[in-house]
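Trainee: For reference, the sequence and a predicted model appear below.
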Amino acid sequence: MPHHTYKKMEIVGSSSVGIDDAINNAVAKASESVHNLRWFEMQEVRGHIEEGKVAHWQVTVKIGFTLD
């Protein structure tokens, strides 16, 4: 198995649907400009409340990727 060197970046994904969707949005956007994505770590969850209900989710994730 080859040896890899990894780097992590921290980004925030958002969604009005839910946490999973916010994570998927973050990973999808990161994959547009960063290659070799390998994993993510969920760090923090926040939400926006409107009229007593959750209206929007924000999820901070660290995404790991291999360096070329």
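Mentor: Done, it's in.
Trainee: which SS class is Ala30?
Mentor: Recorded secondary structure, Ala30: helix (DSSP: H, G, I helix; E, B strand; the rest coil).
Trainee: Okay, and the beta partners of the residue nearest to it when sequence neighbours are not counted?
Mentor: Leaving aside its sequence neighbours, Ala30 sits nearest to Ile63 (C-beta to C-beta, 6 or more residues apart in numbering; 5.3 Å). Every residue, glycine included, has its C-beta placed from N, CA and C. Counting by DSSP bridges, Ile63 is bridged to Met9, Phe40.
Trainee: Run a quick neighbour tally on Ile63.
Mentor: Residues lying near Ile63 (other C-beta atoms under 10 Å) number 21.
Trainee: swap in the one 4 residues further on?
Mentor: Other residues within reach of Leu67, judged by other C-beta under 10 Å, total 9.
Trainee: contacting residues around it?
Mentor: By C-beta atoms under 8 Å, 6 or more residues apart in numbering, Leu67 lies in contact with His4, Thr5, Tyr6, Lys7, Asn36.
Trainee: And Ile19, by the same measure?
Mentor: Contacts for Ile19 (C-beta under 8 Å, 6+ apart) come out as Val45, Trp57, Val59.
Trainee: need the contact list for the first one.
Mentor: Spelled out, that is Val45. Val45 touches Ile19, Trp57, Gln58, Val59, Thr60, counting by C-beta under 8 Å, 6+ apart.
Trainee: Between the residues you listed, which sits nearest Gly13?
Mentor: Closest approach to Gly13 among the contacts of Val45 (C-beta to C-beta): Val59, at 5.2 Å.
Trainee: Quickly list what the closest one is bridged to.
Mentor: Gly13, Val45.
Trainee: pretty sure it contacts Val12?
Mentor: Yes - counting by C-beta atoms under 8 Å, Val59 does reach Val12; the two are 6.9 Å apart.
Trainee: if we can go back for a sec, name the nearest of the contacts of Ile19 relative to Lys29.
Mentor: Val59 (12.3 Å).
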